[in-house]
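Asks: Give me a model of this one.
(one chain, ligands or ions: 1)
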Amino acid sequence: MKLIKLNLTILFVIVFVFNAKPQDTSYKLTFKKFENLAPTPPMGWNSWNKFGCNIDEELIKDIAKAMVMSGMKDAGYQYINLDDCWHGQRDSLGFIHPDPEKFPSGMKALADYIHSMGLKIGIYSDAGNLTCGGRPGSRGYEFQDAMTYASWGIDYLKYDWCNTDGLNAEGAYKTISGAIKKAGRPMILSICEWGQNLPWRWGHEVAQLWRTTTDIHDCFDCIIDHGFWEAWGVLQILDAQDSLRRYSGPNNWNDPDMLEVGNQGLSYNESKSHFTMWAMLSAPLIAGNDIRNMNEETKSILLNQNIISVDQDPLGIAAFKYKSTNDIDIWVKPLSNNEWAICFLNRSKNIKELTFDWSSEKIKDNLINKELDFSKTKFKIFNLWTSKNQGFTNKPLNLKIESHDIIALKLIP
Ligand code: GLA
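Replies: Here you go, the predicted structure:
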């Protein structure tokens with residue numbers, strides 16, 4: 001009898017506890033990102049590399065116009081992203097406002113303008129108290145800021161990692177991702193913590209892209225020492241990417257930072273190589289130059305549809321480094337329709353010559369277990385920069401590559 005009483009008591013306790021659970025489940029947070037916002041790497045423009053903190057609404061509107069007029073929009077560029085320093089102050093209720101002098105019409109009006117041109121708008125914040133440029137960060141205001149961005153019509157948030165004393169990166173990015181989800185407006189989340197906390201391991205759940213390194217600098221081969229941090233050139237960033245390719249794919253992109261094409265530190269050949277390699281890596285193509293004033297060379301790079309197609313290939317498989325020989329890096333990227341892109345990058349200061357005998361090369365992509373067998377399949381060789389056919393893979397190919405230049409080919413079975 002005693003045992004039955006005890007069992008009944010336990011049962012009552014269980015039923016009570018169960019019923020006592022709140023019926024309202026809206027408190028439940030999902031940290032899962034919005035689905036399918038970036039099936040291919042995002043393309044657009046960002047203010048930081050060229051303009052730093054010198055941004056205002058007139059500049060951004062002119063950039064949006066230039067995006068359309070230059071043909072960039074038609075080529076696939078979509079996002080107009082404001083980086084650091086758009087901020088004014090928080091009001092007494094904690095709501096963030098844009099700098100009233102630089103953005104007198106407000107962010108909603110700017111977003112409406114950009115949307116009216118068929119483009120999308122991105123904004124920038126930081127997981128810490130202050131952004132890297134010393135403006136108000138989102139720490140403690142994550143849900144309020146996400147709601148505010150959603151009410152303005154923001155489509156993309158780059159979220160930085162300065163001044164984050166005591167925060168855990170994975171947790172902080174989950175919080176902002178949950179806040180975006182809760183705010184209800186689909187928004188790409190771009191993690192920008194410079195690869196310090198291995199975001200490629202946990203970023204898939206919460207974001208569409210994550211920076212893999214420190215900031216890019218507009219040089220081909222250099223390290224700029226800023227004291228407590230370094231900025232890297234194109235080659236330094238490139239060399240940190242090969243081991244990360246398996247983390248990249250549709251809706252989950254490694255981000256080797258924004259483009260420096262058209263900025264003064266890179267020559268034409270260097271800009272070509274930078275753009276081509278970012279496409280090979282399936283990197284986001286976010287222009288970082290003044291697209292209102294582009295010379296023909298810069299346009300010919302940013303608008304090269306052959307290279308853009310390599311980046312935007314629906315398979316979304318990043319390239320791997322097949323081999324390095326005599327200062328030439330050879331990278332290979334599998335494309336849809338059994339096509340492949342292959343690039344020969346001359347890292348050196350001298351012109352290089354190379355004879356590439358396809359029949360003696362064994363190119364295998366171990367990630368997808370696919371092999372290029374030149375003895376079984378003859379490929380047509382299409383040059384992605386000259387847009388000319390360059391024979392077939394049954395004959396050795398003689399290459400001459402200028403310093404810091406790249407030869408990019410598509411192999412068509
Ligand atoms: C960090 C980021 C840059 C840029 C600046 C803005 O350095 O990595 O891309 O957003 O902050 O202050």
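Asks: for the protein, what spans make up the helices?
Replies: Assigned by DSSP state H, the helices in the chain fall at 2-20, 48-51, 57-69, 72-75, 107-116, 142-152, 169-183, 199-206, 234-238, 268-280, 296-302, 305-311.
Asks: Dump these into JSON lines; add distance to Trp331 and mean pLDDT as well.
Replies: The way it works is simple: take the backbone N, C-alpha and C, and place the C-beta from them, glycine included. Formatted as JSON lines, these follow (distance: least, C-beta to C-beta, whole Å; pLDDT from 0 to 100):
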{"stretch": "helix 2-20", "distance to Trp331": "58", "mean pLDDT": "52"}
{"stretch": "helix 48-51", "distance to Trp331": "24", "mean pLDDT": "98"}
{"stretch": "helix 57-69", "distance to Trp331": "29", "mean pLDDT": "98"}
{"stretch": "helix 72-75", "distance to Trp331": "23", "mean pLDDT": "98"}
{"stretch": "helix 107-116", "distance to Trp331": "35", "mean pLDDT": "98"}
{"stretch": "helix 142-152", "distance to Trp331": "37", "mean pLDDT": "98"}
{"stretch": "helix 169-183", "distance to Trp331": "30", "mean pLDDT": "97"}
{"stretch": "helix 199-206", "distance to Trp331": "19", "mean pLDDT": "97"}
{"stretch": "helix 234-238", "distance to Trp331": "9", "mean pLDDT": "98"}
{"stretch": "helix 268-280", "distance to Trp331": "5", "mean pLDDT": "98"}
{"stretch": "helix 296-302", "distance to Trp331": "18", "mean pLDDT": "98"}
{"stretch": "helix 305-311", "distance to Trp331": "11", "mean pLDDT": "99"}
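Asks: Mind checking those helices for the one nearest to Cys219?
Replies: Among the helices of the chain, the nearest to Cys219 by C-beta to C-beta is helix 234-238 (7.4 Å).
Asks: on contacts alone, who are the packing partners of the closest one?
Replies: Applying 3 or more C-beta pairs under 8 Å, 6 or more residues apart in numbering; DSSP states H and E, we find helix 234-238 packed against helix 268-280.
Asks: State the pLDDT value of the closest residue to Cys222 other than its chain neighbours.
Replies: Spatially, and ignoring its direct neighbours in sequence, Cys222 is nearest to Gly233 (4.2 Å; C-beta to C-beta, 6 or more residues apart in numbering). Gly233 is assigned a predicted lDDT (pLDDT) of 98.
Asks: what's the burial count for Gly233?
Replies: For Gly233, the neighbour count with other C-beta atoms under 10 Å is 21.
Asks: Give me every residue in the stretch 101-250 of the chain lying close to the ligand.
Replies: Selection of the stretch 101-250 of the chain residues close to the ligand by C-beta under 6 Å from any ligand atom yields 131-133, 160, 192, 215.
Asks: most surrounded residue in these?
Replies: Counting by other C-beta under 10 Å, top hit in these: Cys192 with 27 neighbours.
Asks: How about the contacts made by Lys349?
Replies: Lys349 sits next to 403-404 when contact means C-beta atoms under 8 Å, 6 or more residues apart in numbering.
Asks: sorry, that was for Thr298
Replies: Contacts of Thr298 (C-beta under 8 Å, 6+ apart): 261-262, 271, 289.
Asks: what's the pLDDT at the closest residue in space to Lys174 that isn't next to it in sequence?
Replies: Of all residues not flanking Lys174 in the chain, Phe31 sits nearest, at 4.4 Å (C-beta to C-beta, 6+ apart). According to the prediction, Phe31 has pLDDT 73.
Asks: just how off-centre is stretch 295-315 within its chain?
Replies: 16 Å (C-alpha atoms, centre = their mean, to the nearest Å).
Asks: Which positions within it qualify as buried?
Replies: By 16 or more other C-beta atoms under 10 Å, the buried positions in stretch 295-315 come out as 298-299, 301-304, 306-313, 315.
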